[in-house]
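1. Below: sequence and its predicted model.
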Amino acid sequence: MPDTDASYDPASQPPQDLTPVEKAPFPWQRFFLSFGFAVVAWFAFWFMILLAVGTWIVMAINREPNADLKNIVSISARYLTHCLGYALLLRDDKPFPLGPLPSAGD
């Protein structure tokens with residue numbers, strides 16, 4: 001015979017709330033925007049690779065980096081960070097063109 005706890009009385013237990021818990025709807029708009037910005041980040045990454053090659057070419061010719069090119073690289077790196085941050089749910093503010101374009105000193 002199983003050992004039962006003589007002090008257990010199911011009637012003395014508080015009633016459990018059996019109402020179903022409503023879940024928030026899936027954020028489809030955020031999902032599609034995140035996917036789109038992930039694709040944009042992929043292209044921005046390859047654009048930055050081309051900028052890096054261009055920077056090294058300018059550096060080989062002039063022996064110093066071009067200030068305007070450095071500014072473009074800085075803005076591109078921040079934009080890539082914004083796109084990936086939004087796609088990975090680390091940021092809630094939307095990147096450019098749905099939000100502001102990051103500045104070089106941002």
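-> Cool, got the structure.
2. pLDDT below threshold where in the protein?
-> Scanning the chain for pLDDT under 70 picks out 1-17, 104-106.
3. mind listing the helices for this protein?
-> Using DSSP state H, the helices of the chain run over residues 28-62, 67-87.
4. so which of those is the most packed in?
-> Each of the helices of the chain was assessed for mean neighbour count using mean count of other Cβ atoms under 10 Å. The highest is helix 67-87, with a mean of 17. C-beta: built from backbone N, CA, C; applies to glycine.
5. Tell me the spacing between Tyr70 and Arg78.
-> Just to correct that, residue 70 is Lys rather than Tyr. Lys70 is 13 Å from Arg78, where distance means Cβ to Cβ, to the nearest Å.
6. could the helices of the chain go into JSON lines alongside distance to Pro102?
-> Formatted as JSON lines, the entries for those read as follows, by distance: least, Cβ to Cβ, whole Å:
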{"stretch": "helix 28-62", "distance to Pro102": "12"}
{"stretch": "helix 67-87", "distance to Pro102": "4"}
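7. Of these, which is nearest Leu18?
-> Nearest to Leu18 among the helices of the chain is helix 28-62; the distance by Cβ to Cβ comes to 30.1 Å.
8. Return the distance of the closest one from the chain's centre.
-> Using Cα atoms, centre = their mean, to the nearest Å, the mean C-alpha position of helix 28-62 is found 15 Å from that of the whole chain.
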